[in-house]
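1. pasting a predicted model and its sequence here:
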Amino acid sequence: MLVIEKVSHQFGPHQVLNNVSLESVGGEVTCLIGHSGCGKTTLLRLLAGLLRVQSGRILLDGEVLASHKKMMPPEDRPIGMVFQEGALFPHMSVADNVAFGLPKRGARKLATEWLKRVGLADFAERNPDSLSGGQRQRVALARAMAPAPRVLLFDEPYANLDPPLRRSLREDARRIIRDTGTVGLFVTHDPAEVLMMADNVAVLGHGLIVESGTPQTLYDRPKSRFAAELFGEPQVFEGTIYEDRIVTPLGEWERCVLVDPATNNGDASLIVDADHLELQLDDNGILITDIQSFGRLNRVSFGGTRGEPTVILNCPKDAGTAIGVGSMVRVAPNPGAVFASLYKVE
């Protein structure tokens, strides 16, 4: 088990991580997500030993890898890392890249075995520059796994690859982590990677873990705006929460539509996934002025209520029956589907 215990870090006066605690077990992947600058990469660098821990501890299976008193060198840590660009040595063959850093005896054989495992056995003598981006990332994964690390860190390794290739590589990495019992820690901005890769998710914001849980938990019951906007097709608009109702540009809703019905009253940003919306015919509703289709969704334009400008909303094509331009409708979110982020009062 990898344990990050009350780790803080700052660069000069800037606090990057603030009392971060996290646990991850072997055979599972924990995804770290958050806006740029929230501390994800700094945390990975602390784990890898590329930065010294200023406060707190990092433990692996009960052994302290790093604290403000102890700094185990990177080369002595049982930790592998896969970078965004692969970071292969251009002057070495593919096999030599994988064998680099291994004990000389048996290194070539082990490198060959890992190249077979990632489907690149026939490329052992090729130069890395002759490989595609996806092939280079497979080599990087093989090189990281060859020393049998107990922890594998991914720093957005598939960000620059096309979607089908990303899916394939994610599946490879996920399978290898499960098969080997390695602890996987994956930094990403991609919601699809979170859903496909993660057993658990930690959302970082301003140096803090603002929420954590399974991907399904964060999808169904987000506690932060970032998580609410992460998955699906989030629709965001303003509204006002009262004791008995919620007033929005799309009409009035009952409090039961909120993720947390006990949310305080006040002006708020309301976020709901498109798949949790339904359009219902209502003579007292709002007028549909335009519908445009894209993929599985419709982009629906409404004449705003209370003299407000036109409101545009995405919703599934089957969100309403016999509804078209000129229909009067009410927009009905599913119960417990709307996340409310109250505006701060200065």
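-> Sure thing, it's come through. Numbering: from 1, shown residues only.

2. remind me which helix or strand Leu204 belongs to.
-> Leu204 belongs to strand 200-205 when assigned by DSSP states H and E.

3. in its sheet, what does that strand sit against?
-> strand 29-33 (parallel), strand 208-213 (antiparallel) (DSSP bridges).

4. of all those, which lies closest to Ala146?
-> Nearest to Ala146 among these is strand 29-33 (19.4 Å), distances taken as CB to CB. Where C-beta positions appear, they are placed from N, C-alpha and C, glycine not excepted.

5. quick one: contacts of the closest one?
-> For strand 29-33, the surrounding residues in contact (CB atoms under 8 Å, 6 or more residues apart in numbering) are 22, 24, 40, 43-44, 174, 177, 183-189, 193-194, 197-204, 215, 226, 230.

6. give me every residue that touches the nearest residue to Pro74 once chain neighbours are set aside.
-> Leaving aside its sequence neighbours, Pro74 sits nearest to Gly49 (CB to CB, 6 or more residues apart in numbering; 3.6 Å). Applying CB under 8 Å, 6+ apart to Gly49 gives the contacts Leu65, Ala66, Met71, Met72, Pro73, Pro74, Arg77, Ile79.

7. can you count the residues close to the third one?
-> Which is Met71. Close neighbours of Met71, defined as other CB atoms under 10 Å, add up to 13.

8. where's it relative to Ile79, distance?
-> As judged by CB to CB, to the nearest Å, Met71 and Ile79 stand 14 Å apart.

9. filter the contacts of strand 29-33 down to just the ones in strands.
-> Leu22, Ser24, Val183, Gly184, Leu185, Phe186, Val187, Asn200, Val201, Ala202, Val203, Leu204 (DSSP state E).

10. measure the second one to Ala268 for me?
-> It refers to Ser24. Note on Ser24: its distance to Ala268, by CB to CB, is 34 Å.

11. go on, the fourth one?
-> Using CB to CB, Gly184 is found at 36 Å from Ala268.

12. so for those two, which residue has more residues nearby?
-> Each of Gly184 and Ala268 has its neighbours counted (other CB under 10 Å); Gly184 has more, 26 against 22.

13. neighbours of the closest residue to the more buried one other than its chain neighbours, how many?
-> Once flanking residues are discounted, Gly184 sits nearest to Val29: 3.8 Å by CB to CB, 6+ apart. For Val29, the neighbour count with other CB under 10 Å is 25.

14. dump the strand holding Leu204 to PDB, keeping only the CA atoms.
-> Coordinates of each C-alpha in strand 200-205 appear next as PDB, following Å, rounded to 0.1, in the frame of the first residue of the first chain:
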ATOM      1  CA  ASN A 200     -10.500   5.600  -7.100                       C
ATOM      2  CA  VAL A 201     -10.200   9.300  -7.900                       C
ATOM      3  CA  ALA A 202      -8.800  12.200  -6.000                       C
ATOM      4  CA  VAL A 203      -9.700  15.700  -7.000                       C
ATOM      5  CA  LEU A 204      -7.100  18.300  -6.200                       C
ATOM      6  CA  GLY A 205      -7.800  22.000  -6.000                       C
END
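
15. before we move on, the earlier item: from Ile58, how far off is the residue nearest to Pro74?
-> Distance, Gly49 to Ile58, by CB to CB: 9 Å.

16. next: Ile79.
-> 10 Å.

17. with Arg52 instead?
-> To Ile58, Arg52 is 11 Å away according to CB to CB.

18. which SSE is Gly134 in?
-> For Gly134, the enclosing helix or strand under DSSP H and E is helix 133-145.

19. okay, that helix in PDB with CA atoms only?
-> The C-alpha trace of helix 133-145 is given here as PDB (Å, rounded to 0.1, in the frame of the first residue of the first chain):
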ATOM      1  CA  GLY A 133       3.900   7.900 -30.800                       C
ATOM      2  CA  GLY A 134       1.800   5.000 -29.500                       C
ATOM      3  CA  GLN A 135       4.700   2.500 -30.000                       C
ATOM      4  CA  ARG A 136       7.100   4.700 -28.100                       C
ATOM      5  CA  GLN A 137       4.600   4.900 -25.200                       C
ATOM      6  CA  ARG A 138       4.400   1.100 -25.100                       C
ATOM      7  CA  VAL A 139       8.200   1.000 -24.900                       C
ATOM      8  CA  ALA A 140       8.100   3.500 -22.100                       C
ATOM      9  CA  LEU A 141       5.600   1.300 -20.200                       C
ATOM     10  CA  ALA A 142       7.700  -1.800 -20.800                       C
ATOM     11  CA  ARG A 143      10.800   0.100 -19.500                       C
ATOM     12  CA  ALA A 144       9.000   1.300 -16.400                       C
ATOM     13  CA  MET A 145       7.700  -2.200 -15.600                       C
END
